[in-house]
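>>> task: produce atomic coordinates for the following.
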Amino acid sequence: MELAKVADGIGPSLGQVISGKSGGNFTVTDLVRTAHECKLLVHPYTIRTDDLPPGVTSGEELFRVCLVEAGVDGVFTDQPDRGVVFLRTLTANP
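The predicted structure follows:
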């Protein structure tokens, strides 16, 4: 990927990382895997608890899907306090 020659990472929209929910499970796209293969970090935007994507019931669920299921390296969020709480919970219960 040519982008990896001039950039350290990408900031895609959430919809480019998570394409929806079916049968109770989220569908994660290949974007993160492909970016990581090219040695690029991935930080999608923007987790906002007042504007959740379809099928997402809470900010914590969205943090989990992005950081755990999709394996992104970080996220843009308008509620960093909630992100910190999520990460503390995650590291306390690995």
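>>> C-alpha only now, for contacts and for neighbours.
Fine.
>>> phi and psi next, for residue 17.
phi -100, psi -40 (degrees, to the nearest 10).
>>> tell me the spacing between it and residue 54.
Separation of residue 17 from residue 54 (CA to CA, to the nearest Å): 14 Å.
>>> so which of the two has more stuff around it?
Ranked by neighbour count (other CA atoms under 10 Å), residue 17 and residue 54 place residue 17 first, with 24 against 9.
>>> check contacts around the most centrally placed residue in the chain.
The residue lying closest to the centre of the chain (CA atoms, centre = their mean) is residue 66, at 2.8 Å. Contact partners of residue 66, counting by CA atoms under 8 Å, 6 or more residues apart in numbering, are 17, 18, 72, 75.
>>> same question, residue 46
13, 14, 75, 76, 77, 78.
>>> so what pLDDT did the fourth one get?
Read it as residue 76. What the model reports as pLDDT for residue 76 is 97.
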